[in-house]
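Got a sequence here, can you model it:
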Amino acid sequence: QVQLVESGGGLVQPGGSLRLSCAASGSIFSIYAMGWYRQATGKQRELVADITRGDTANYVDSVKGRFTITRDNAKNTVYLQMNSLKPEDTAVYYCNADLAVIATRGRVDNYWGQGTQVTVSS
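Predicted structure coming up:
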């Protein structure tokens with residue numbers, strides 16, 4: 001069984017910062033791409049940023065220059081540093097990972113975390 005557990009969400013004022021963390025646990029053989037998605041009320045879920053095992057990162061245009069995604073492969077953890085937050089960043093943020101488990105190491109499946117709320121408001 002694999003779990004992705006997010007932490008670090010909360011309420012912050014515009015211009016503030018938050019750091020999200022997502023730790024993968026379970027019978028993991030290898031983790032490939034990891035990423036963060038978000039879903040605001042009444043909107044579709046969108047990719048915020050993702051990162052390959054080799055640390056190549058990709059960002060949606062609206063967060064470029066403000067958010068930074070990093071990962072620690074030894075800890076099976078991905079982070080999202082969010083600076084200069086805006087009210088439009090308010091959403092539930094979900095961790096996502098492509099990984100293989102020990103039992104079926106040849107097969108890569110996609111996993112989601114449960115989500116963490118980020119609210120940017122004065």
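
distance between the ends of stretch 106-121?
Terminal residues of stretch 106-121 lie 45 Å apart, using Cα to Cα, to the nearest Å.

State the distance from the residue lying closest to V92 once chain neighbours are set aside to T56.
The spatially closest residue to V92, leaving aside those adjacent along the chain, is G115, at 4.3 Å (Cβ to Cβ, 6 or more residues apart in numbering). C-beta: built from backbone N, CA, C; applies to glycine. Going from G115 to T56 by Cβ to Cβ, to the nearest Å gives 25 Å.

In terms of neighbours, single out the busier of these two.
Neighbour tally, G115 and T56, criterion other Cβ atoms under 10 Å: the higher count belongs to G115, 17 against 9.

Spit out the contact partners of that one.
Contact analysis of G115 by Cβ atoms under 8 Å, 6 or more residues apart in numbering lists 6, 39, 92-94.

what separates the residue nearest to V92 from S122, distance-wise?
Applying Cβ to Cβ, the value for G115 to S122 is 24 Å.

and what of N110?
37 Å.

The nearest residue to V120 once chain neighbours are set aside - how many residues pack around it?
Leaving aside its sequence neighbours, V120 sits nearest to L85 (Cβ to Cβ, 6+ apart; 4.6 Å). The burial count assigned to L85 is 22, neighbours taken as other Cβ under 10 Å.

Any buried residues in stretch 24-32, and which?
Buried residues in stretch 24-32, defined by neighbour count with 16 or more other Cβ atoms under 10 Å: 24, 28, 31.
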